[in-house]
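**Q** sequence plus the predicted model coming up.
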Amino acid sequence: APKDIADTLVEASAAACQVSELLSSQRGQSITTKDYPEELDLSETEARAAIFLCTCGEEIASAIDMEKMLDFAKGLSSVVYVEQTPYLCQKDTLEQVKGKIKEHEVNRVVFAACSDITYEKLFIDAMRDVGLNPSLLELVDFREQLSSISPDHKKQAMEKAKTLVSIALERVRTQEPLHLVSQNVEHQALVIGGGLAGLTAALSLAEQGFEVQLAERTAELGGNLRHIFAILEGGDPQALRQDLIKRVEENPLIRLHTE
């Protein structure tokens, strides 16, 4: 039978940790740096906003009237360009978007599309390609906010879409460019708890080359595993515990802090 979501996430995370251990010697070797044009100086420039509405195929278009949404967006303050597109995330579409930003001298952008978690980096990269600070971009998650609304509530969905776009535009319209400040990070990890999970996590991090501070509030490592002597799948839990503790204590990158 298929696993539930929680088990799947745990096992996938564990697999990713093991892959990170195997590839630890290659960390940072494949990093490439992209060159961007110099950021535009907008200190003396009035806001000129563009709103790009993505229909996500028909998923968003089936929830609201896109033509009415286009007309609404065109009437908002500081908006100089509005466009509807079926798939904003596609490379060719983004190239066209960047062309329109340049053509209309846009300096503020609202993308009303899919989840920002999925596509935020893609859109930020597009902003930097045209010399705009990423803080002058605002993303509206039309797909998650609108696509699940019942067809019987299209009027309410439309009002919600207008509100979301209006709020996003107002924020970005008055936003000044923000600049990132770089700071060195000390590559150490703190693992709290010396039970099975804590011991395993500390060892995995150490195998990846990171120094680890392992804190356990009691005098003995092992947590609840100390009280388990048999499991349905077989094996010896106490032998596992002793092996983990031995490996942790012998690892030069792990520093123990117990009672």
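**A** That came through fine.

**Q** going forward, measure contacts between C-alpha atoms and count neighbours the same way
**A** Will do.

**Q** on the three-state scheme, residue 256 is what?
**A** strand (DSSP: H, G, I helix; E, B strand; the rest coil).

**Q** what is the burial count for residue 104?
**A** Using other CA atoms under 10 Å, residue 104 has 13 other residues around it.

**Q** wouldn't it be in contact with residue 81 here?
**A** Yes. With contact defined as CA atoms under 8 Å, residue 104 counts as touching residue 81 (7.2 Å).

**Q** quick one, strands of the chain?
**A** Secondary structure of the chain (DSSP state E): strands at 49-54, 79-85, 108-113, 137-141, 188-192, 211-215, 254-257.

**Q** may I ask which helix or strand of the chain has the lowest mean pLDDT?
**A** Lowest mean confidence among the helices and strands of the chain (mean pLDDT, DSSP states H and E): helix 142-146, at a mean of 83.

**Q** thinking again about what came up before, in a markdown table: the strands of the chain, plus mean neighbour count, mean pLDDT and distance to residue 202.
**A** Shown next, in a markdown table, are the strands of the chain (neighbours: other CA atoms under 10 Å; pLDDT from 0 to 100; distance: least, CA to CA, whole Å):
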| stretch | mean neighbour count | mean pLDDT | distance to residue 202 |
| --- | --- | --- | --- |
| strand 49-54 | 25 | 95 | 44 |
| strand 79-85 | 18 | 96 | 48 |
| strand 108-113 | 25 | 94 | 40 |
| strand 137-141 | 23 | 93 | 37 |
| strand 188-192 | 16 | 97 | 6 |
| strand 211-215 | 20 | 97 | 6 |
| strand 254-257 | 17 | 96 | 7 |
